[in-house]
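J.: Predicted structure and sequence below. I'll ask about it afterward.
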Amino acid sequence: MRKFKIPVPTHATNKCIRFPDDVIEEVENSIRGLDCTFSAFVVEAVRVALENLREDEAEEKN
(Lines give C-alpha, C1' and ligand atoms only; values in the text may rest on other atoms or scores of the structure.)
Protein backbone atom coordinates (compact mmCIF):
# COMPACT_ATOMS: atom_id res chain seq x y z
CA MET A 1 0.00 0.00 0.00
CA ARG A 2 1.34 3.40 -0.99
CA LYS A 3 1.83 5.92 1.80
CA PHE A 4 -0.15 9.17 1.58
CA LYS A 5 2.06 12.21 0.93
CA ILE A 6 1.04 15.87 0.97
CA PRO A 7 0.84 16.82 -2.74
CA VAL A 8 1.93 19.94 -4.61
CA PRO A 9 -1.02 21.53 -6.47
CA THR A 10 -1.41 20.85 -10.20
CA HIS A 11 -3.77 22.10 -12.91
CA ALA A 12 -7.19 20.43 -12.87
CA THR A 13 -10.87 20.78 -13.75
CA ASN A 14 -13.25 22.23 -11.15
CA LYS A 15 -15.66 19.75 -9.53
CA CYS A 16 -17.87 20.71 -6.59
CA ILE A 17 -18.52 18.26 -3.75
CA ARG A 18 -19.75 18.63 -0.17
CA PHE A 19 -17.65 17.66 2.83
CA PRO A 20 -18.65 17.26 6.46
CA ASP A 21 -17.36 20.19 8.53
CA ASP A 22 -15.19 17.94 10.70
CA VAL A 23 -13.41 16.54 7.63
CA ILE A 24 -12.75 20.03 6.30
CA GLU A 25 -11.29 21.05 9.65
CA GLU A 26 -9.02 17.99 9.81
CA VAL A 27 -7.73 18.51 6.28
CA GLU A 28 -7.12 22.22 6.85
CA ASN A 29 -5.24 21.43 10.08
CA SER A 30 -3.14 18.83 8.23
CA ILE A 31 -2.06 21.22 5.46
CA ARG A 32 -1.63 24.38 7.55
CA GLY A 33 1.78 25.90 6.84
CA LEU A 34 2.45 23.61 3.89
CA ASP A 35 2.51 24.33 0.16
CA CYS A 36 -0.70 22.37 -0.38
CA THR A 37 -4.29 23.29 -1.15
CA PHE A 38 -7.41 21.59 0.16
CA SER A 39 -8.18 20.36 -3.35
CA ALA A 40 -4.70 18.95 -3.92
CA PHE A 41 -4.90 17.09 -0.61
CA VAL A 42 -8.29 15.58 -1.49
CA VAL A 43 -7.17 14.59 -5.00
CA GLU A 44 -4.12 12.78 -3.60
CA ALA A 45 -6.28 11.04 -0.99
CA VAL A 46 -8.66 9.84 -3.72
CA ARG A 47 -5.74 8.63 -5.86
CA VAL A 48 -4.38 6.59 -2.94
CA ALA A 49 -7.85 5.18 -2.25
CA LEU A 50 -8.29 4.18 -5.90
CA GLU A 51 -4.88 2.53 -5.94
CA ASN A 52 -5.78 0.61 -2.77
CA LEU A 53 -9.01 -0.58 -4.39
CA ARG A 54 -7.12 -1.80 -7.49
CA GLU A 55 -4.65 -3.64 -5.26
CA ASP A 56 -7.50 -5.25 -3.30
CA GLU A 57 -9.20 -6.35 -6.54
CA ALA A 58 -5.94 -7.85 -7.82
CA GLU A 59 -5.45 -9.77 -4.56
CA GLU A 60 -9.02 -11.12 -4.72
CA LYS A 61 -8.39 -12.46 -8.24
CA ASN A 62 -5.33 -14.41 -7.05
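T.: Now that the structure is in, tell me what you want to look at.
J.: Quick check, central residue of the protein?
T.: Nearest to the mean C-alpha position of the chain, by C-alpha atoms, centre = their mean, lies residue 45 at 1.6 Å.
J.: Just confirm that one contacts residue 5, I think it does.
T.: No: under the criterion of C-beta atoms under 8 Å, residue 45 is not in contact with residue 5, lying 10.5 Å apart. The C-beta positions use only the backbone N, C-alpha and C, and glycine is treated the same way.
J.: returning to what we had before: gap between the residue nearest to the centre of the chain and residue 36?
T.: Separation of residue 45 from residue 36 (C-beta to C-beta, to the nearest Å): 11 Å.
J.: What count of nearby residues applies to residue 7?
T.: Neighbours of residue 7 under the rule other C-beta atoms under 10 Å: 19.
J.: hey, which helix is longest across the protein?
T.: helix 38-61 (DSSP state H).
J.: from the middle of its chain, how far away would that helix be?
T.: Distance of helix 38-61 from the chain centroid (C-alpha atoms, centre = their mean, to the nearest Å) equals 8 Å.
J.: which of the residues in that helix are buried?
T.: By 16 or more other C-beta atoms under 10 Å, the buried positions in helix 38-61 come out as 40, 41, 42, 43, 44.
J.: Stretch 27-39 too?
T.: Using 16+ other C-beta under 10 Å as the test for burial, stretch 27-39 gives 27, 31, 36.
J.: Between the two ends of it, how far is it?
T.: Distance between the two ends of stretch 27-39: 10 Å, counting by C-alpha to C-alpha, to the nearest Å.
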